[in-house]
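**Student:** sequence and predicted structure below; questions after.
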Amino acid sequence: MVVAFKEENTIAFKHLFLKGYMDRMDDTYAVYTQREVYDQITFAVNQYLQLRNISVGNHAYESEGAERSALAVCQHFYKQGNIWPGNATFDIDPDIETECFFVEPDEPLHVGTLEENKLNLTLDFHRLLTTELQFKLKAINLQTIRHHELPDCYDFTLTITFDNKAHSGRIKISLDNDISIRECRDWHVSGSIQKNTHYMMIFDAFVILTCLASLILCVRSMVRGLQLQQEFVSFFLLHYKKEVSVSDRMEFVNGWYIMIIISDVLTIIGSILKMEIQAKSLTSYDVCSILLGTSTMLVWLGVIRYLGFFQKYNLLILTLQAALPSVIRFCCCAAMIYLGYCFCGWIVLGPYHEKFRSLNMVSECLFSLINGDDMFATFAKMQRKSYLVWLFSRIYLYSFISLFIYMILSLFIALITDTYETIKTCLESPRRVGKNVAVPVQIPSRGAVKMRYLQLCVQGTLYCSRVTSKALKTLPTRRLP
């Protein structure tokens with residue numbers, strides 16, 4: 001409800017304060033003449049002063065005591081600028097100055113034209129960078145009453161920007177809505193609206209206590225594992241005079257416990273924020289949702305641990321753990337090639353293709369191409385102003401798609417598939433030694449020991465494969481009769 005209320009108010013403000021605005025025209029909403037700029041400013045000021053009579057929502061001006069906040073009209077421009085495009089000469093002082101004036105809500109409802117209202121707004125379009133209209137409005141979200149929650153009070157800080165930084169003859173217009181939520185000062189709701197809130201508070205407290213107990217137990221297990229690691233290292237150093245490798249030391253560190261600890265910490269912090277939000281003491285909805293969402297994801301990932309006790313259901317996690325080192329090394333090499341294509345596309349195709357205007361957009365475009373999305377549109381939207389760049393774009397896109405889809409992605413899948421087949425072979429109870437000889441193998445049942453066994457099995461299989469390949473290369477060639 002909070003997100004929907006924000007979005008609906010933003011759309012309503014665009015229709016109220018932007019003249020001729022229609023949905024889904026944010027990227028194309030612009031003006032092209034000086035008269036249109038003045039008309040847009042006049043329209044926005046008129047709508048602001050008549051807000052109480054035209055708005056169907058419960059919007060009101062921000063008030064500080066008996067006074068109401070004013071609408072600010074600010075223009076940012078170069079300190080000095082003389083431009084003569086016909087002679088290809090100019091004189092510019094790049095220092096930026098700002099001038100503002102304010103329109104009070106208590107002024108007459110109809111301001112007329114700018115000349116009639118004597119706002120004294122004169123725009124020097126040769127020096128003008130941006131013109132901004134800033135004002136604040138308030139509203140109350142009453143939707144929460146139906147769900148037995150107290151309504152929130154919203155503060156909207158609106159900024160209408162006329163962007164002329166490009167000086168291209170096209171001034172883009174945008175409306176930004178910065179929203180803050182706070183507790184209402186004086187409220188009264190008939191009925192038992194607080195009962196459901198109290199029940200939710202009790203449930204959140206129970207979740208916090210449960211996660212706290214889980215956190216203490218996991219930290220205790222981690223500490224004991226580290227203590228056992230120290231004793232193990234000391235024992236080998238004392239009796240065998242050998243240093244224990246880092247990989248062997250990590251056998252005493254349980255990764256599942258680390259994930260549970262992180263999940264419990266995020267859940268506890270997120271639940272506390274949720275209780276504060278329900279009590280109208282905080283309004284950090286974004287932080288709370290990120291914490292609780294991440295903790296929920298980690299909790300569901302932790303369920304995989306319990307599937308590890310069943311041999312047939314444990315194949316996925318065993319494959320991921322065994323293939324992880326090779327996958328990381330493979331991804332590092334592939335990332336270098338990917339970054340090379342990203343920078344190349346950004347530098348060369350940026351001026352000619354809208355999907356290559358920024359490095360972030362290039363990365364998103366190339367990643368979608370790897371998944372086979374929007375291929376034809378990427379080819380078709382390439383401008384043909386320069387035949388050399390157009391030809392380069394074809395070579396660039398064809399080589400990228402061929403390299404990543406048909407080679408790198410296939411090798412990536414083959415890498416995981418090979419590990420899967422190896423682990424599947426290792427999990428079979430009989431191991432064939434010869435043509436007619438089968439030796440039964442007892443696979444360890446415990447998780448850590450079982451994982452170590454499978455790691456050795458995979459390493460041994462790969463080692464035997466390498467040794468066999470080298471041996472075949474050293475065999476003398478014989479000519480068949």
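**Tutor:** On my side now, so go ahead.
**Student:** tell me which element the most centrally placed residue in the chain falls in.
**Tutor:** Centroid check for the chain by CA atoms, centre = their mean gives Ile290 as the closest residue, at 10.5 Å. If you go by DSSP states H and E, Ile290 is part of helix 285-307.
**Student:** same question, Phe392
**Tutor:** helix 387-403.
**Student:** report the rounded mean pLDDT for the helix or strand where Asn53 lies.
**Tutor:** Using DSSP H and E, Asn53 maps to helix 51-54. Per-residue pLDDT over helix 51-54 has a mean of 87.
**Student:** and the strands in the stretch 1-150 of the chain?
**Tutor:** Here the stretch 1-150 of the chain has its strands, by DSSP state E, counting those that start in this stretch, at 30-31, 60-61, 63-64, 67-68, 71-84, 89-103, 128-141.
**Student:** out of those, which is the most enclosed?
**Tutor:** Across these, averaging neighbours per residue (mean count of other CB atoms under 10 Å) puts strand 128-141 on top, at a mean of 19. Any C-beta I mention is one placed from the backbone N, CA and C, and that applies to glycine too.
**Student:** helices and strands around it, which ones?
**Tutor:** The contact analysis (3 or more CB pairs under 8 Å, 6 or more residues apart in numbering; DSSP states H and E) places strand 128-141 against helix 2-17, helix 34-49, strand 60-61, strand 71-84, strand 152-163.
**Student:** neighbouring strands for it, and are they parallel or not?
**Tutor:** strand 60-61 (antiparallel), strand 71-84 (antiparallel), strand 152-163 (antiparallel) (DSSP bridges).
**Student:** in a markdown table: those strands, plus distance to Leu415 and mean pLDDT.
**Tutor:** Shown next, in a markdown table, are those (distance: least, CB to CB, whole Å; pLDDT from 0 to 100):
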| stretch | distance to Leu415 | mean pLDDT |
| --- | --- | --- |
| strand 60-61 | 62 | 87 |
| strand 71-84 | 55 | 86 |
| strand 152-163 | 48 | 90 |
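**Student:** in a markdown table, list those strands along with distance to Arg329.
**Tutor:** Formatted as a markdown table, the strands paired with strand 128-141 follow (distance: least, CB to CB, whole Å):
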| stretch | distance to Arg329 |
| --- | --- |
| strand 60-61 | 61 |
| strand 71-84 | 51 |
| strand 152-163 | 46 |
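**Student:** count the residues that sit near the nearest residue to Leu292 once chain neighbours are set aside.
**Tutor:** Residue nearest to Leu292 in three dimensions, not counting chain neighbours: Gly270, with 3.9 Å by CB to CB, 6 or more residues apart in numbering. Other residues within reach of Gly270, judged by other CB atoms under 10 Å, total 24.
**Student:** got a list of what Gly270 touches?
**Tutor:** Counting by CB atoms under 8 Å, 6 or more residues apart in numbering, Gly270 touches Cys288, Leu291, Leu292, Ser295.
**Student:** pLDDT of stretch 237-244, averaged?
**Tutor:** Rounded mean pLDDT across stretch 237-244 is 85.
**Student:** run through the stretch 151-300 of the chain and note the low-pLDDT ranges.
**Tutor:** Residue ranges of the stretch 151-300 of the chain with pLDDT under 70: 186-197, 280, 283.
**Student:** so the residue nearest to Leu292, which of the three states?
**Tutor:** For Gly270, the assignment made with DSSP: H, G, I helix; E, B strand; the rest coil gives helix.
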